[in-house]
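A.B. asks: sequence and computational prediction follow.
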Amino acid sequence: MAFPGTWLTESESIAYRVVPKCACSTIGQIMYYSDHGRYFDGDIHDSTSGLHKWNQEDSQPIIDRAVKSRKAVSFTCVRNPYSRILSSFFDKIAGIQRNGKRYRGNLIPQIVQRYGIEVGSPEDNFDFDQVASFRRFLLFARDTIRWRRPMEPDIHWSAMSGHIATFIVNGGRYDQIFFTEKFNEGMQKVLDAAETPVKVDVNAVPRFNESEGHGPKRAHKVSDYFDDLSRHLVWEIYKKDFQLFRYDFDDPDNKMPKGEVDLDEVHAKLGR
């Protein structure tokens, strides 16, 4: 069985199912540090050694064994769906990527043409109607997820429950699932449960936000971006995320979860 999107420390102490736009850069760097006593020099997504990743062929049997034997503490991290889809828009659609180019080459011109989205540019200081463009992007995201057109859904805006389910369906079990909004507390619990070669104090870890500073800043509060239609689309796409991870659908400005994750419920509902 496969464990796509899974990272494992070389000491096999911690296994992490990556969920894009949920602090994955910081988590990867913490895992790297917990083995090596230093952070990876660069974006952790670019590392090809020092951390086992499922997309590295040599790592696959090691990850498979560590996950199935329950040797590693297995976890993932989730985020409020409203904040997550907004972050995807500002980073991947309106932002410039680390390589100085737009995300996925011809994607942006395609959706500008088909959906009337505006994204601005560094030259005009990203001057565009953020609310109107985001709502049109949301329609595009829904189309990719519901009908897989005009393209397959992207990992950055497909539902968290979909990412998280593959780990369960293929024979893994999560020991912990914590919230990006309570990051330090949740990450520290994972580290405390694992026997890592290097101790990590999460409060001393810098934030590794690889999308920071490459695009426009959000100009409005979260709820301003979501009218009735937008919220209908968000529910259509992320209903399971709101329900399983206890986020507040009724108040987009309340980013905090309303309760803890019930691991048994997650495994029962996503393991089918």
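C.D. replies: All right, it came through fine.
A.B. asks: elements contacting the lengthiest strand in the chain?
C.D. replies: With DSSP state E setting the assignment, residue counts place strand 73-78 as the longest strand in the chain. For strand 73-78, the contact count by 3 or more CB pairs under 8 Å, 6 or more residues apart in numbering; DSSP states H and E identifies strand 14-17, helix 160-169, strand 176-179, helix 183-193 as packing neighbours. For every residue, glycine as well, the C-beta is placed using N, CA and C.
A.B. asks: so which of those comes closest to residue 222?
C.D. replies: When the helices and strands packed on strand 73-78 are ranked by proximity to residue 222, the top entry is strand 176-179, at 16.0 Å, counting by CB to CB.
A.B. asks: report the strands that pair with the closest one, each with its relative direction.
C.D. replies: For strand 176-179, the paired strands and their directions (DSSP bridges) read strand 73-78 (parallel).
A.B. asks: next secondary structure element downstream of the strand it pairs with?
C.D. replies: Remark: after strand 73-78, the chain's next helix or strand is helix 81-88, criterion DSSP states H and E.
A.B. asks: list the helices and strands the least confident helix or strand in the chain by mean pLDDT packs on?
C.D. replies: Within the chain, no helix or strand scores below helix 107-115, which has a mean of 93 by mean pLDDT, DSSP states H and E. Contact partners of helix 107-115 among helices and strands, from 3+ CB pairs under 8 Å, 6+ apart: helix 130-147.
A.B. asks: which residue, other than its chain neighbours, is closest to residue 71?
C.D. replies: Using CB to CB, 6 or more residues apart in numbering and skipping residues adjacent in sequence, the residue nearest residue 71 is residue 12, 5.7 Å away.
A.B. asks: can you read off the pLDDT for the one you found?
C.D. replies: According to the per-residue confidence, residue 12 scores 98 in pLDDT.
A.B. asks: I'd say it and residue 69 touch.
C.D. replies: No: Residue 12 sits out of contact with residue 69 when judged by CB atoms under 8 Å, with a separation of 9.1 Å.
A.B. asks: low-confidence ranges, this protein, go.
C.D. replies: Per-residue confidence of the chain (counting by pLDDT under 70) places the weak regions at 1, 210-213.
A.B. asks: so which of the helices and strands packed on strand 73-78 is the most packed in?
C.D. replies: Burial among those, expressed as mean neighbours by mean count of other CB atoms under 10 Å, is greatest for strand 14-17, which shows a mean of 26.
A.B. asks: after that strand, next one along is what?
C.D. replies: The helix or strand immediately downstream of strand 14-17 is helix 24-36, counting by DSSP H and E.
A.B. asks: how far does that following helix sit from its chain's centre?
C.D. replies: Offset of helix 24-36 from its chain centre (CA atoms, centre = their mean, to the nearest Å): 15 Å.
A.B. asks: now residue 258. Nearest residue, chain neighbours left out?
C.D. replies: Counting by CB to CB, 6+ apart, residue 258 lies nearest to residue 246, which is 4.9 Å off, once chain neighbours are set aside.
A.B. asks: surely the one you found meets residue 265?
C.D. replies: No: contact criterion CB under 8 Å: residue 246 and residue 265 do not qualify, at 10.2 Å.
A.B. asks: more neighbours: those two, which one.
C.D. replies: Relative neighbour count places residue 246 above the other of residue 246 and residue 265, with 16 against 11, counting by other CB atoms under 10 Å.
A.B. asks: quick one: contacts for that one?
C.D. replies: Contacts here follow CB atoms under 8 Å, 6 or more residues apart in numbering; on that basis residue 246 touches 257-261.
A.B. asks: in a markdown table: those, plus neighbour count and secondary structure.
C.D. replies: A markdown table is the format used below for the contacts of residue 246 (neighbours: other CB atoms under 10 Å; DSSP: H, G, I helix; E, B strand; the rest coil):
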| residue | neighbour count | secondary structure |
| --- | --- | --- |
| 257 | 20 | coil |
| 258 | 13 | coil |
| 259 | 8 | coil |
| 260 | 12 | coil |
| 261 | 19 | coil |
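A.B. asks: now, the most widely separated pair of those residues?
C.D. replies: The distance between the two most remote of the contacts of residue 246 (CB to CB) is 11.1 Å, for 258 and 261.
A.B. asks: re the thing from before, any idea whether the residue nearest to residue 258 is helix, strand or coil?
C.D. replies: Assigned state for residue 246: coil (three-state reduction, DSSP: H, G, I helix; E, B strand; the rest coil).
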